[in-house]
Every structure is written in structure tokens, then in C-alpha cells.
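Novice: A structural model of the following input is requested.
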Amino acid sequence: MSIKLFKYITNSCLNSRTVMRFMSTTNNEKLIRVSFNKANGDKITAEGKKGDSLLDVIVNNNLDFDGFGACEGTLTCSTCHIILDQKDYDSLPEKPSDEELDMLDLAYNLTDTSRLGCQIILEDKLDGLEVKVPATVNDARD
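Specialist: Now for the predicted structure:
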């Protein structure tokens, strides 16, 4: 393409408020797979990106978990309560904060390996993670 033609196309696009971007359309970012095991026996598997929370995975994949994440991850409810296997719980890099523990105290079906999904951040080593989702949620804001 000649420089003159390129300038014409660029100016035309900018004048019409359309911006042309020259970029690669390949996305090499590895997705991390998580399975959510519901109390009724249903297993729902979804994927998220490194840095997403488990709550983000549910929201971004439009998964139907009634009431899950009502406070949108602000640590003011316990509706994203999940239960991990002991080995997965122990392998998480971040232990629960005092604020998370306070919210977990209000959750139904609390276990020693309970966490809030909004506080579990995906990383490569969590690929294939399976979590249990309790049958009922308690919105601590009520």
C-alpha cells in the first residue's frame, strides 16, 4: 500500500470517528478450567482467565447460580460460599483474610475448607479445580 493511500484511509477513518487498529487477533492466553459441583449433583464446568476470581468465572460465563455473588465481590455477603477439597484449600496462595472469615461465619453449611469465591483468584496451578457449591446461600446483608 502506498503511503499516500495509507494517509487517505487513516484520515478518512479519523474524520468519520472510526479508528482502525492493526493488531493480532490471536489470543495466546491460557484459560483456566473450573468445575462447580452443585448440591443437586449437577456439575458445571467453565473457564476463566488468570487473575479472575471464581465469582468472575460465574458472572462472565452467565452461569445460573441463584443468589451467588449478590454483593459483587465487596465482601459484604456470604453468597459466593464454596467448599474446597483439603488439598486444594491448602494449596491456595492466599489464606482467608479476617474480613472473609467474618463473612464465612454467616454462611450456611460452613466447613473447615470453606472460602468465598470472590476471594479465590485463578492462577495456572488451579487449572482443573473442582469446588462444591452449597444448596443454600445466606446473604449477610439482610
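Novice: where exactly do the helices run in this structure?
Specialist: Remark: helices assigned in the chain by DSSP state H are 3-15, 54-60, 86-91, 98-104.
Novice: residues near the spatially closest residue to Ile44 that is not a sequence neighbour, how many?
Specialist: Closest residue in space to Ile44, ignoring its immediate chain neighbours: Phe36 at 4.8 Å, by Cβ to Cβ, 6 or more residues apart in numbering. (C-beta placed from N, C-alpha, C; glycine too.) Phe36 has 23 neighbouring residues, counting by other Cβ atoms under 10 Å.
Novice: what sits against Phe36?
Specialist: Shown in contact with Phe36 (Cβ atoms under 8 Å, 6 or more residues apart in numbering): 43-46, 58, 63, 65, 82, 130-131, 133.
Novice: quick one: it from Asp102, how far?
Specialist: 24 Å (Cβ to Cβ, to the nearest Å).
Novice: please apply the same query to Ile120.
Specialist: Look at Ile120 and Asp102: by Cβ to Cβ, they are 17 Å apart.
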